[in-house]
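>>> Okay, sequence plus prediction incoming.
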Amino acid sequence: MTAAAIMLVMGLGHLALSARSLATGHVADETRTAGASRAPRLALRGPDWGWAGAAWVIAAVALVLTTGLPWASAVVALVVSALATVLLAARARLAAVSGFVLTAAAIALAVLVDGTAVDADAPLARMLADSAQAEALAPSVVVVAIAALVFLGPTSNALVRAIVAAARRTDEPSDAPPQRSTAWRVLRRDRELAVVRKDEPEATVSGFRGGRIVGPLERVLVFASLLAGMPVVIAGLVAAKGVVRFPEISADRSGGTKAEEFLVGTLCSFLLASLAVLTVVARS
């Protein structure tokens, strides 16, 4: 149950941050670092830490009281959630990667070494025992499934962005490639009479951040497909993503970085979904 506690505590903390972002207009989980070309990172202000901390503590205490989770597991979940979030919010590339590795390793290790389950006398177990679907609803599986779905939302978004941002900063060239001139000079006997410049359309920034919604939906679909034994759905999803991203990838003339970014983001997203599936399978 420690793996479920980590996913649920960390996931509810980031859900609280997302709720605060919607309420205040401050996007707590997406900002840019030193340059405009840098990728967004997790950025938390003072009040954000308060919201996240309150959500972590409430989730941990609720798990202990409703499922009989050992206090030691709740403390582990709180420590991993806080430390991983601090690392994801750091500007250093190594720290962001460490946050991803810490979260994935903690979940995987908890699945392997922790065999605790929901206490039979816990309120949640008694409630499910009285339900009409008592035979099909194992309390531990229910808790882990809910934790996995919560974890695959904003938390996984932040983890995937951290890896993609770290990879992008690593591959950034030190010198910008030369740009082709869009101006023509009118010369007469080596004298410059005029300069004609080509008008370039102004770049527009879309306010629609579909990735924040598509990412969780993608991971939930992979999660459900793996549990249902339908890998063909995952193959179709990868093909659909390739079709949608094809214009952007084909227009990339900087050495194929867009294709690599697509692969890194997709593989990290699928890895997190696979970890969630592993926790459910272990409970089953």
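Sure thing, it's come through. Residues are numbered from 1 along each chain as shown.

>>> Can you tell me the SS state at Phe100?
Following DSSP: H, G, I helix; E, B strand; the rest coil, we place Phe100 in the helix state.

>>> Could you report the neighbour count for it?
Applying other C-beta atoms under 10 Å, we find 22 residues neighbouring Phe100. No exception for glycine: its C-beta is placed from N, CA and C like everyone else's.

>>> in the stretch 51-200 of the chain, which spans are strands?
Here the stretch 51-200 of the chain has its strands, by DSSP state E, counting those that start in this stretch, at 183-188, 191-197.

>>> what's the burial count for Val232?
Val232 has 9 neighbours, counted by other C-beta under 10 Å.

>>> How much space separates it from Val238?
11 Å (C-beta to C-beta, to the nearest Å).

>>> And Ala138, by the same measure?
Taken as C-beta to C-beta, the span from Ala138 to Val238 is 32 Å.

>>> Can you pick out the residue with more neighbours from the two?
Taking other C-beta under 10 Å, Ala138 and Val238 do not tie; Ala138 has more neighbours (17 against 13).

>>> tell me the pLDDT at the more buried one?
At Ala138, the model reports a pLDDT of 78.

>>> my read: it touches Arg283, true?
Yes. Shown here, Ala138 and Arg283 form a contact pair, counting by C-beta atoms under 8 Å, at 7.3 Å.

>>> now the helices: where do they sit in the stretch 51-200 of the chain?
71-89, 93-113, 123-129, 139-151, 154-171 (DSSP state H, counting those that start in this stretch).

>>> Of all those, which one is nearest Gly11?
With C-beta to C-beta as the criterion, Gly11 lies closest to helix 139-151 of those, at 3.5 Å.

>>> What helices and strands are in contact with that closest one?
helix 2-24, helix 46-67, helix 123-129, helix 211-228, helix 257-283 (3 or more C-beta pairs under 8 Å, 6 or more residues apart in numbering; DSSP states H and E).

>>> can you list the ones you listed in JSON lines and add mean neighbour count?
Below are the helices and strands packed on helix 139-151 laid out as JSON lines (neighbours: other C-beta atoms under 10 Å):
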{"stretch": "helix 2-24", "mean neighbour count": "23"}
{"stretch": "helix 46-67", "mean neighbour count": "18"}
{"stretch": "helix 123-129", "mean neighbour count": "16"}
{"stretch": "helix 211-228", "mean neighbour count": "18"}
{"stretch": "helix 257-283", "mean neighbour count": "19"}
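
>>> Lowest average pLDDT across the ones you listed?
helix 123-129 (a mean of 79).

>>> Can you spell out which helices and strands pack onto that helix?
Partner elements for helix 123-129 (3+ C-beta pairs under 8 Å, 6+ apart): helix 46-67, helix 139-151.

>>> got those helices as JSON lines, with distance to Leu17 columns?
Putting the helices and strands packed on helix 123-129 into JSON lines (distance: least, C-beta to C-beta, whole Å) gives the following:
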{"stretch": "helix 46-67", "distance to Leu17": "6"}
{"stretch": "helix 139-151", "distance to Leu17": "13"}
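
>>> Tell me which of those sits nearest to Leu278.
helix 139-151 (9.4 Å).

>>> low-scoring stretches of the stretch 51-200 of the chain, by residue?
130-137, 169-200 (pLDDT under 70).

>>> List the buried residues in stretch 143-155.
Buried residues in stretch 143-155, counted by 16 or more other C-beta atoms under 10 Å: 143-145, 147-155.

>>> For Ala104, grab the count of nearby residues.
Count around Ala104 with other C-beta under 10 Å applied: 17.

>>> do the same with Ile234
Counted by other C-beta under 10 Å, the residues lying close to Ile234 total 16.

>>> is it true that Thr85 touches Leu102?
No. Counting by C-beta under 8 Å, Thr85 sits too far from Leu102 to count as a contact (10.2 Å).

>>> between these two, which one's more packed in?
Thr85 (25 against 15).

>>> Please identify which of the helices and strands packed on helix 139-151 is closest to Ala166.
helix 257-283 (9.3 Å).

>>> so that closest one versus helix 139-151, what angle?
Per axes from the mean of the first three to the mean of the last three C-alpha atoms, to 10 degrees, the angle that helix 257-283 makes with helix 139-151 is 160 degrees.

>>> Identify all contacting residues around the host helix or strand of Glu248.
Using DSSP states H and E, Glu248 falls within helix 231-250. Helix 231-250 has contacts (C-beta atoms under 8 Å, 6 or more residues apart in numbering) with 218, 221-222, 225-226, 258-259, 262, 266, 270.
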